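With the input below, show me the fold.
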Amino acid sequence: MQVFNTPSRIIITCNNRLTPYLINEVEALGFDIKRKFNTGLELEGTVNDCIVLNLNLRTASQVLYSIKSFDAPSPKELYDGLIEIAWEEIIDFAGYFSITSNVENEHIRTSLFANVKVKDAIVDRIRDKKEVRPNTGSSIDKTVVHLYWKENVAEIFIDTSGEVISKHGYRKLPGKAPMLEALAASTILATKWDRKSTFVNPMCGSGTLAIEAALLATDRRPGLFRMNYGFMHILGYDEQVFFEERRKLKDAVIKQVDIKIIASDISEEAIEEARQNAKTAGVDQLIDFQVCDFADTVMPEEKGVIMFNPEYGERMGIHSQLEITYKRVGDFLKQSCRGYYGYVFTGNPDLAKKIGLRASRRIEFYNGKLDCRLFEYELYDGSRREPLVETVVEPIVE
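The predicted structure is shown next:
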């Protein structure tokens with residue numbers, strides 16, 4: 001089974017509400033999208049195409065390559081359908097594989113039971129053909145097989161990503177309550193920032209927003225920070241394809257940019273973590289790190305975007321103190337950021353009201369399971385102005 005050159009169904013997953021940004025990324029890579037849904041999209045391609053997708057996508061979580069779809073009303077039919085697949089041509093009998101799953105079937109109370117059925121079928125098939133039993137376990141750093149089983153239909157995939165690609169690989173020091181890298185990239189893509197003008201991120205924490213802005217400005221892709229994917233552990237993998245695609249990423253990096261990106265935080269520890277993360281990402285020289293209260297952030301005269309991701313009382317912080325903080329954010333935006341586009345990402349609408357500004361857009365996101373909004377504020381400096389860049393996605397807005 002030559003999966004690297006055989007077209008099949010590809011499902012790219014993402015966090016809920018990130019699909020509009022993922023669509024733009026996939027289409028920019030030249031792929032035709034066949035179906036869109038709340039947590040991803042579908043296209044057709046080979047595992048070699050999956051290599052391109054894994055290395056380039058900022059907003060995705062997984063890239064799944066379909067092996068087979070079949071009727072499976074019960075665990076027996078699931079096993080029977082799986083044992084017919086030529087797993088000995090996909091998984092190295094001397095290798096290691098793991099099973100993940102998404103199961104909605106009346107016969108299954110726990111997905112772990114379904115995982116065992118998948119594992120048994122693969123092991124029995126390879127043992128029958130090669131007289132050797134491959135190693136299995138929970139680690140997802142080698143070959144990963146994914147089962148999607150809903151009601152009477154099962155579909156089995158190779159998870160070509162392995163570890164999720166929503167984590168971009170540069171953040172070695174996560175700090176407190178960090179924003180997922182794919183979410184951070186998506187929120188920036190939802191703004192009117194043009195990747196050339198000023199980008200300011202007060203309360204930067206471990207620096208994810210500022211770093212993602214610098215990566216966007218220089219066209220550095222996540223594939224530059226990672227050297228292990230699920231596709232590398234499939235039989236037939238040609239490392240030259242991977243290294244050629246990675247070389248393209250390196251060649252595409254914009255090495256000289258004239259841009260001001262500022263990240264400030266009152267915590268020296270947070271700034272040091274952000275600086276180290278930016279260094280790992282190769283963009284530390286592009287970011288001006290400032291240790292200060294957010295209201296003392298030095299705002300450049302060259303206008304652009306200022307973006308806050310303050311605490312919102314779900315995991316950390318005290319609500320009454322946060323009310324004061326949000327009011328101060330609003331005062332700072334009004335008094336010190338005229339001419340900028342202001343953005344505040346929060347999961348607490350009551351706190352957002354304390355900002356005291358009328359939002360021009362409220363863009364819907366989820367942070368984990370928490371319903372969040374990215375509030376946009378046009379901070380006029382005199383007459384109304386044209387946006388820095390036309391919005392290129394169609395996010396959900398209220």
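
just to confirm, which helix or strand has Glu364 in it?
strand 361-367 (DSSP states H and E).

And the helix or strand following that strand, what does it pack against?
Where DSSP H and E defines the elements, the next helix or strand beyond strand 361-367 is strand 370-378. When contacts are defined as 3 or more CB pairs under 8 Å, 6 or more residues apart in numbering; DSSP states H and E, strand 370-378 packs onto strand 341-346, helix 349-353, strand 361-367. For every residue, glycine as well, the C-beta is placed using N, CA and C.

will you turn those into TSV that also has mean neighbour count and distance to Ile262?
Formatted as TSV, these follow (neighbours: other CB atoms under 10 Å; distance: least, CB to CB, whole Å):
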stretch	mean neighbour count	distance to Ile262
strand 341-346	24	14
helix 349-353	17	23
strand 361-367	18	23
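
Return the distance of Leu189 relative to Ala28.
11 Å (CB to CB, to the nearest Å).

between these two, who's got more neighbours?
In this view Leu189 and Ala28 are compared by other CB atoms under 10 Å, and Leu189 has more residues nearby, 23 against 10.

So, low pLDDT: which residues of the stretch 201-350 of the chain?
314-319 (pLDDT under 70).

circling back: quick one, which of the helices and strands packed on strand 370-378 gets closest to Asn102.
Between Asn102 and these, the shortest gap by CB to CB is with strand 361-367, which sits at 17.5 Å.

ok, residues contacting that closest one?
With contact meaning CB atoms under 8 Å, 6 or more residues apart in numbering, strand 361-367 is reached by 15-18, 179-180, 183, 186-187, 190, 345, 347, 371-376, 395-398.

Stretch 281-291 now?
Applying CB under 8 Å, 6+ apart, the contact partners of stretch 281-291 are 168, 170, 207, 210-211, 214-215, 217-218, 220, 224-225, 257, 259-268, 271, 274-275, 278, 296-298.

Now, these that are in strands?
Judged by DSSP state E, strands contain the following of the contacts of stretch 281-291: Ile261, Ile262, Ala263, Ser264, Asp265.

By neighbour count, which of those residues wins?
Ala263 (29 neighbours).

Could you tell me which of the contacts of stretch 281-291 count as buried?
Burial by neighbour count, judged by 16 or more other CB atoms under 10 Å, picks out 168, 170, 207, 210-211, 214-215, 217-218, 220, 224-225, 259-265, 271, 274-275, 278, 297 from the contacts of stretch 281-291.

from those, which ones fall inside helices?
Using DSSP state H, the subset of the buried ones among the contacts of stretch 281-291 located in helices is Ala210, Ile211, Ala214, Leu215, Ala217, Thr218, Ile271, Ala274, Arg275, Ala278.

didn't the third one look like it was pressed against Ile261?
The one in question is Ala214. Yes. With contact defined as CB atoms under 8 Å, Ala214 and Ile261 form a contacting pair (5.4 Å).

Okay, strands next: where are they in the stretch 1-150 of the chain?
Secondary structure of the stretch 1-150 of the chain by DSSP state E, counting those that start in this stretch: the strands cover 8-13, 35-37, 40-45, 62-71, 96-104, 135-136, 143-150.

re the thing from before, make a markdown table from the ones in strands among the contacts of stretch 281-291 and add distance to Asp159 to it.
Output for those, formatted as a markdown table (distance: CB to CB, whole Å):
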| residue | distance to Asp159 |
| --- | --- |
| Ile261 | 34 |
| Ile262 | 38 |
| Ala263 | 34 |
| Ser264 | 39 |
| Asp265 | 36 |
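
Among these, which one sits closest to Ala121?
Closest approach between the ones in strands among the contacts of stretch 281-291 and Ala121, by CB to CB: Ala263, at 49.9 Å.

Tell me the bridge partners for the closest one.
Asn201, Phe289 (DSSP bridges).

Now do the helices in the stretch 101-250 of the chain.
Secondary structure of the stretch 101-250 of the chain by DSSP state H, counting those that start in this stretch: the helices cover 111-130, 181-189, 208-218, 239-252.

nearest to Lys36, of those?
Lys36 lies closest to helix 181-189 among those, at 15.3 Å (CB to CB).

and for stretch 66-80, what are the contacting residues?
So stretch 66-80 is contacted by 1, 3, 8-11, 81-82, 85, 90, 105, 107-108, 113-114, 117-118, 120-121, 149, 152-158 (CB under 8 Å, 6+ apart).

Could I have the buried ones of the residues you listed as ChimeraX selection syntax?
Selection of the buried residues among the contacts of stretch 66-80 in ChimeraX, burial being defined by 16+ other CB under 10 Å:
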select :3,8,9,10,11,81,82,85,90,105,108,114,117,118,121,149,154,155,156,157,158
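
Okay, and the beta partners of the residue lying closest to Gly45 once chain neighbours are set aside?
Using CB to CB, 6 or more residues apart in numbering and skipping residues adjacent in sequence, the residue nearest Gly45 is Ile10, 5.1 Å away. For Ile10, the beta-bridge partners under DSSP bridges are Leu43, Tyr65.
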